[in-house]
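>>> Build me a model:
(one chain, ligands or ions: 3)
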Amino acid sequence: DVLDAKGMHLLPGAIDVHVHFREPGYTHKETWESGTAAAAMGGVTTVFDMPNTHPPTATPKDFADKLALAEQQAYVDFGIYGLMAEDNVDQLEALAESGVIGFKCFMGNTFGNLPSPSSGAMLEAFERVAPYGLRTSLHAETASIMAWRYERLRAAGRNDALAHVAARPDVVAVEAVARAAILAEWAGARIHVLHVSSAAELRPIREAKQRGVDITSETCPHYLMMDTRDYATLGSLMRVNPPIREAEDSEALWAALRDGTIDMIATDHAPHTPQEQYNDVIWEADCGFPGVETQMPLMLTAVNDERITLQEYVRVSAVAPAKAWGLYPRKGALIVGADADIAIVDLSREERIDQETLHSHRARATPFHDWPVKGMPVHTLVRGRFAMRDRQLQVQSKGTGLSVKRVQSMPVAQLHNTHKTLAAEIAKASVEQGETAHVD
Ligand code: NCD
Ligand code: ZN
Ligand code: ZN
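Ligands and ions are numbered 1, 2, ... in the order given. Got it, this is the predicted structure:
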């Protein structure tokens, strides 16, 4: 049973730290089975699922219930986020101990309508999770600014797609990132900025990094590859939080990805049914669209177009997320053998993204429909087993995905003070070399 990988590249499987697989509660949009099948088909071997399900993942019981669902269905490995909100502050230690991969804090309103915590609650929450070394991922948009703008736009009778951008000017993220970084720094907590969408937001991220805050960030393919000009044709289909902005923002995000201000690519895979996505009244359309299956083809196309190198792609899709979550080199490194999480890709394979064939089958509408791509994952291996082979989902691998956990859970303060030398050793040991291989 020999695999013919002639002419292909072996990459560490992608790690997507931002997906919404919707179960429990919204299984008409997505399930663990369909979401992880889409991941396997996209060369993604580990996903981190967000807590805005119904019920939200706010207690150890919610976590255990979601874990059971995931274990029965998953094609790929996964982490489960715990919610960090005003009304579950007392649950955070128990959640940390139950095995969450990290926390998610909704600073601004988005799908699920989870109320955003006050700065007071956030500070206590950061203080409580800091000793566990777990990272908190932030939906960094300030709720009160958006609520104000939204009311003003509604009153002015605006219902068009661009009103969504006007309701969420980039300052909502700038303000939220700066505030969260101050609170995290004070508490010695690790944070991650989700879905960076603007040039302006890069400044508070850079400043926090320079101060030594343990802050990482991600952007998503849609912020890199689309801009405001696309609203005219795509309308509410490209409504997403935060909004897709100007062409200058996309350019700044590409540069930030190359220079390391943005550490990684995630997809914010946010499936909704087409009926929920399409609406002439922009405020009525659900925000987000599927992404876990299209990330690798889109980004490999960018490699072919020389927007980034293959080496940089491996850094932002696998190495950086694995390191940020304490999983490297168990995850994110190119290991061949029984523990291999690998995407075998054909960089010369040309296709068109076809929403009809996506495995998020309840939510197939994507703004990337019909986009030509060059570069496809052909085989996906999770811990040495095929999840996809020759572009076919391996149905027998359903339910083989496992929950991943941070190994090194040292609190940031300890890392910075007592264990400086150890941290330096770890950093040296994981120098990125030989992260890709080519089969001649
Ligand atoms: C996400 C969803 O639908 O769960 N939607 C989105 O527009 N990004 C929520 C989120 O990440 O804000
Ligand atoms: Zn969000
Ligand atoms: Zn999201």
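>>> C-alpha only now, for contacts and for neighbours.
Noted.
>>> for ligand 1, what are the nearby residues on the protein?
Taking Cα under 6 Å from any ligand atom as the criterion, the chain approaches ligand 1 at residues His20, Thr110, Phe111, Val240, Asn241, Asp268, Ala270, Cys287, Gly288.
>>> where's the last one, which helix or strand?
Gly288 is located outside every helix and strand, with elements delineated by DSSP states H and E.
>>> when you give positions from now on, start the count at 49
Renumbered: residue one is now 49, and that last one reads Gly336.
>>> Now do the contacts for it.
The contact partners of Gly336, by Cα atoms under 8 Å, 6 or more residues apart in numbering, come to Met286, Arg287, Val288, Asn289, Asp316, His317, Ala318, Pro319, His320, Gln325.
>>> Between which two of those residues is the distance greatest?
Greatest spatial distance in the contacts of Gly336: Asp316 and Gln325, 15.4 Å, computed using Cα to Cα.
>>> Could you pull out the strands in the stretch 49-198 of the chain for me?
Assignment of strands within the stretch 49-198 of the chain using DSSP state E, counting those that start in this stretch yields the ranges 57-60, 62-67, 92-97, 125-131, 150-154, 183-187.
>>> Which one of these lies nearest to Leu272?
With distances scored as Cα to Cα, the stretch of the strands of the stretch 49-198 of the chain nearest to Leu272 is strand 62-67 (16.3 Å).
>>> do you know how far the closest residue to Asn207 other than its chain neighbours is from Ala86?
Spatial nearest neighbour of Asn207, chain neighbours left out: Val329 (5.0 Å); criterion: Cα to Cα, 6 or more residues apart in numbering. When distances are taken as Cα to Cα, to the nearest Å, Val329 and Ala86 turn out to be 30 Å apart.
>>> Between the two, which is the more surrounded one?
Ala86 (24 against 13; other Cα atoms under 10 Å).
>>> list the buried ones in the longest helix anywhere in the chain?
Counting residues, the longest helix found in the chain (DSSP state H) is helix 219-235. Neighbour-count burial for helix 219-235, counted by 16 or more other Cα atoms under 10 Å, picks out 219-229, 231-233, 235.
>>> same deal with stretch 416-433?
Result for stretch 416-433 [16+ other Cα under 10 Å]: buried residues 416, 421-431, 433.
>>> Show me how far that stretch is from its chain's centre.
Its chain's C-alpha centre and that of stretch 416-433 lie 17 Å apart, by Cα atoms, centre = their mean, to the nearest Å.
>>> Which pLDDT value belongs to Ile383?
Reading off the confidence values, Ile383 has pLDDT 85.
>>> likewise Leu470?
At Leu470, the predicted lDDT confidence score is 35.
>>> and if you look at the one 4 residues further on?
Per-residue confidence (pLDDT) for Ile474: 36.
>>> Residues contacting stretch 131-144, please?
Defining contact as Cα under 8 Å, 6+ apart, one finds that stretch 131-144 is touched by 99-100, 104-108, 111, 130, 150-154, 163-166, 169-170, 172-173, 176-177, 180, 182.
>>> tell me which residues in it are buried?
Going by 16+ other Cα under 10 Å, stretch 131-144 has these buried residues: Leu131, Met132, Ala133, Glu134, Val137, Gln139, Leu140, Glu141, Leu143, Ala144.
>>> Next: stretch 185-194.
If you call a residue buried by 16+ other Cα under 10 Å, then stretch 185-194 has these buried ones: Ser185, Leu186, His187, Ala188, Glu189, Thr190, Ala191, Ile193, Met194.
>>> repeat for stretch 386-399
The neighbour-count check on stretch 386-399 (16+ other Cα under 10 Å) flags Ala388, Asp389, Ile390, Ala391, Ile392, Val393, Asp394, Leu395 as buried.
>>> pLDDT of that stretch, averaged?
Taken as a whole, stretch 386-399 has a mean pLDDT of 96.
>>> And stretch 168-185, by the same measure?
If you average the pLDDT values across stretch 168-185, you get 97.
>>> Give me the distance from stretch 367-377 to the chain's centre.
For stretch 367-377, the distance between its averaged C-alpha position and the chain's averaged C-alpha position is 14 Å (Cα atoms, centre = their mean).
>>> Remind me which helix or strand Ala282 belongs to.
You called it Ala, but residue 282 is Leu. Going by DSSP H and E, Leu282 is in helix 279-282.
>>> buried residues in the following helix or strand past that helix?
Per DSSP H and E, helix 279-282 leads on to helix 295-307 as the next helix or strand towards the C-terminus. By neighbour count on 16+ other Cα under 10 Å, the buried set for helix 295-307 is Ala295, Asp297, Ser298, Ala300, Leu301, Trp302, Ala303, Ala304, Leu305, Arg306.
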